[in-house]
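**Student:** Build the 3D model from these lines:
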Amino acid sequence: MRYHAHMPQHSFLYMKPGEWAAAAARSIMSWWAMIYLGAIAIVMAFSPSTYIHQNRITISRCIHASTWQVLPWFALLSALVCQVVIRIVVVTALSYGLSQYALEMVVRVLVLELIPLSAALFVALRSGLAFNAGAMTLVPAQVVSPRLSAASVTRVRSELVPQVIAAAFAVFTLAMVSSVIVLLLAYINVYGLSPWGVVDYTRTVGRVFEPVVTIGFILKTVLFGMAVAVIPMAAILEASRQARQLPSTVQPGALRLLVVLLLIEAGSLAIKYI
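**Tutor:** The predicted structure follows:
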């Protein structure tokens, strides 16, 4: 019984059937609080009143910390990993006589699918899910209330919104820069340093990046950035409001963020290929 008392009480595995309805209601309210927080952050991010002088300085510092400081290392790591993958794909395609499909496969798999997802996971693991006791005090718990005081609105605009903007900007920037690097590596691996493959290369890449696919790629990357920016912050608020709850072995928001990213990726694949 002592062991059972220390287990997380929010898990369905350790609840009686009669408590499942209450647990489901709490889960729904938790998701609703996350959506509500995301709506507040997005509205404030597009509000001109957010970009006063002091907030612009804070946003610039957050973007510098979340994007510029890690961009060279992430670009280098992406280049190394993608170079290995590209080489494997090209050599395999040549061995089976399918070299004409190697470049298109690299662009579709790496640029359209893996690069945005890896950028979102990298930003989430580096900054979004780095919880500590001090981070939980950055935003007031009253944010999830339908009525916000003027002080709460000011604090959210000056402390929460810059972090959300920086996280979303980091995901989009890392994904775009890595995609350009991968496209350059793909050309070098397929055509070498010769300029005579530019026409064929441009035709193949243009065939992949149709207008609908391009819009979907940008939209998916933006959604990844919004998820990485909002879900960890919502988890911080939820953890700060539930001070009595024993800590879980999984970081707050990690599982929920993974589920949302997978749903976005699955929806993108379904729209493009079904």
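
**Student:** any chance you could map the helices in the stretch 101-250 of the chain?
**Tutor:** All helices of the stretch 101-250 of the chain, identified by DSSP state H, counting those that start in this stretch, fall at 102-106, 115-123, 150-155, 161-191, 198-208, 211-241.

**Student:** Kindly reformat those as TSV containing mean neighbour count, distance to residue 80 and mean pLDDT.
**Tutor:** Where you see a C-beta, it was placed from the backbone N, CA and C, and this is true even at glycine. TSV is the format used below for the helices of the stretch 101-250 of the chain (neighbours: other CB atoms under 10 Å; distance: least, CB to CB, whole Å; pLDDT from 0 to 100):
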stretch	mean neighbour count	distance to residue 80	mean pLDDT
helix 102-106	21	15	90
helix 115-123	24	13	92
helix 150-155	12	42	64
helix 161-191	22	10	92
helix 198-208	13	22	91
helix 211-241	21	22	82
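
**Student:** Could you export those helices as a markdown table, including distance to residue 53?
**Tutor:** Output for the helices of the stretch 101-250 of the chain, formatted as a markdown table (distance: least, CB to CB, whole Å):
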| stretch | distance to residue 53 |
| --- | --- |
| helix 102-106 | 45 |
| helix 115-123 | 27 |
| helix 150-155 | 14 |
| helix 161-191 | 13 |
| helix 198-208 | 42 |
| helix 211-241 | 23 |
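
**Student:** Can you check which of the ones you listed gets nearest to residue 263?
**Tutor:** Of all those, helix 211-241 sits nearest to residue 263, with 9.3 Å by CB to CB.

**Student:** The closest one to helix 115-123, inter-axis angle?
**Tutor:** Inter-element angle recorded for helix 211-241 and helix 115-123: 20 degrees (by axes from the mean of the first three to the mean of the last three CA atoms, to 10 degrees).

**Student:** about what we covered before: which of the helices of the stretch 101-250 of the chain sits closest to residue 87?
**Tutor:** helix 161-191 (6.2 Å).

**Student:** what's the angle from the closest one to helix 198-208?
**Tutor:** Using the same axes, to 10 degrees, one finds that helix 161-191 and helix 198-208 are set 130 degrees apart in direction.

**Student:** Test my guess that residue 34 contacts residue 234.
**Tutor:** Yes - if you go by CB atoms under 8 Å, residue 34 and residue 234 touch, sitting 3.8 Å apart.

**Student:** how far away is residue 173 from residue 64?
**Tutor:** Residue 173 sits 12 Å away from residue 64, going by CB to CB, to the nearest Å.

**Student:** What of residue 79?
**Tutor:** Residue 79 is 22 Å from residue 64, by CB to CB.

**Student:** and those two? which has more neighbours close in?
**Tutor:** residue 79 (16 against 11; other CB atoms under 10 Å).

**Student:** Assign that one to helix, strand or coil.
**Tutor:** Secondary structure assignment for residue 79 (DSSP: H, G, I helix; E, B strand; the rest coil): helix.

**Student:** List the contacts of it.
**Tutor:** Neighbouring residues of residue 79 by CB atoms under 8 Å, 6 or more residues apart in numbering: 178, 181-182, 185.

**Student:** go with 6 Å
**Tutor:** With contact set as CB atoms under 6 Å, 6 or more residues apart in numbering, residue 79 has these partners: residue 181.

**Student:** Next up, the contacts around the residue nearest the centre of the chain.
**Tutor:** Residue closest to the average C-alpha location in the chain (CA atoms, centre = their mean): residue 120, at 3.2 Å. Shown in contact with residue 120 (CB under 6 Å, 6+ apart): 171, 224, 228, 261.

**Student:** Starting from residue 118, give me the distance back to the second one.
**Tutor:** Okay, so that is residue 224. Residue 224 sits 10 Å away from residue 118, taking CB to CB as the criterion.

**Student:** got it, and residue 208?
**Tutor:** Per CB to CB, residue 208 is found 19 Å from residue 118.

**Student:** Kindly report the same for residue 76.
**Tutor:** Where residue 118 is concerned, residue 76 sits at a distance of 14 Å (CB to CB).
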